[in-house]
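**Q** Here you go, sequence then predicted model.
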Amino acid sequence: MTKAIPRIGSRRNVRIGSRKSARRIPKGVIHVQASFNNTIITITDVRGRVVFWSSAGTCGFKSSRKATPYAGQTTAVDAIRTVGMQRAEVMVKGAGIARDAALRAIGKSGIRLNCIRDVTPMPHNGCRPPKKRRV
């Protein structure tokens with residue numbers, strides 16, 4: 001009868017690898033998603049594969065503070081400091097108030113920006129509105 005090999009650590013609660021050691025890329029795309037509740041910044045390479053992401057929640061902000069301009073700035077600095085790029089394109093999505101602060105933080109970081117594009121989805125007459133309320 002074989003003896004069971006004892007487990008040293010459980011994989012359930014242990015993060016595998018360090019999140020802060022992302023791979024270095026010379027050129028990439030920075031996606032800024034600024035909603036009314038949160039700010040998420042995703043850094044991808046040119047092909048669209050995610051290299052690193054950061055959000056206001058992972059930076060330590062809670063509840064309504066996640067959508068503030070300071071949270072957007074802190075999130076952008078956290079994401080850019082980890083990756084270390086030279087050139088980037090920026091795609092901004094959403095109507096939150098943190099988008100301008102995140103753009104300013106990206107501009108001050110020393111990364112050369114090729115273009116800044118607003119990719120906020122706009123409905124072209126979208127869904128049918130609900131019926132008017134009759135009282």
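**A** That came through fine.

**Q** Please make it C-alpha for all contacts and neighbour counts, starting now.
**A** Will do.

**Q** And stretch 77-89, end to end?
**A** In stretch 77-89, first residue to last residue: 16 Å (C-alpha to C-alpha, to the nearest Å).

**Q** Quick one: mean pLDDT for that stretch?
**A** Averaged across stretch 77-89, pLDDT comes to 88.

**Q** And stretch 43-57, by the same measure?
**A** The average pLDDT within stretch 43-57 is 92.

**Q** Then stretch 126-135?
**A** Averaging pLDDT along stretch 126-135 gives 88.

**Q** secondary structure element for the spatially most central residue of the chain?
**A** Residue closest to the average C-alpha location in the chain (C-alpha atoms, centre = their mean): residue 41, at 1.8 Å. Applying DSSP states H and E as the criterion places residue 41 in strand 39-44.

**Q** Residue 102 - that's part of a strand, no?
**A** No: assigned with DSSP: H, G, I helix; E, B strand; the rest coil, residue 102 falls outside any strand and is helix.

**Q** quick one: contacts for it?
**A** 32, 69, 72, 73, 74, 75, 76 (C-alpha atoms under 8 Å, 6 or more residues apart in numbering).

**Q** Which helix runs longest in this protein?
**A** helix 69-83 (DSSP state H).

**Q** relative to strand 39-44, how tilted is it?
**A** If you take axes from the mean of the first three to the mean of the last three C-alpha atoms, to 10 degrees, helix 69-83 sits at 20 degrees to strand 39-44.

**Q** Report the buried residues of helix 69-83.
**A** 69-80, 82-83 (16 or more other C-alpha atoms under 10 Å).

**Q** Show me what that helix is packed against.
**A** When contacts are defined as 3 or more C-alpha pairs under 8 Å, 6 or more residues apart in numbering; DSSP states H and E, helix 69-83 sits against strand 39-44, strand 50-55, helix 99-108.

**Q** following that helix, which helix or strand shows up next?
**A** Assigned by DSSP H and E, the successor of helix 69-83 is strand 87-93.
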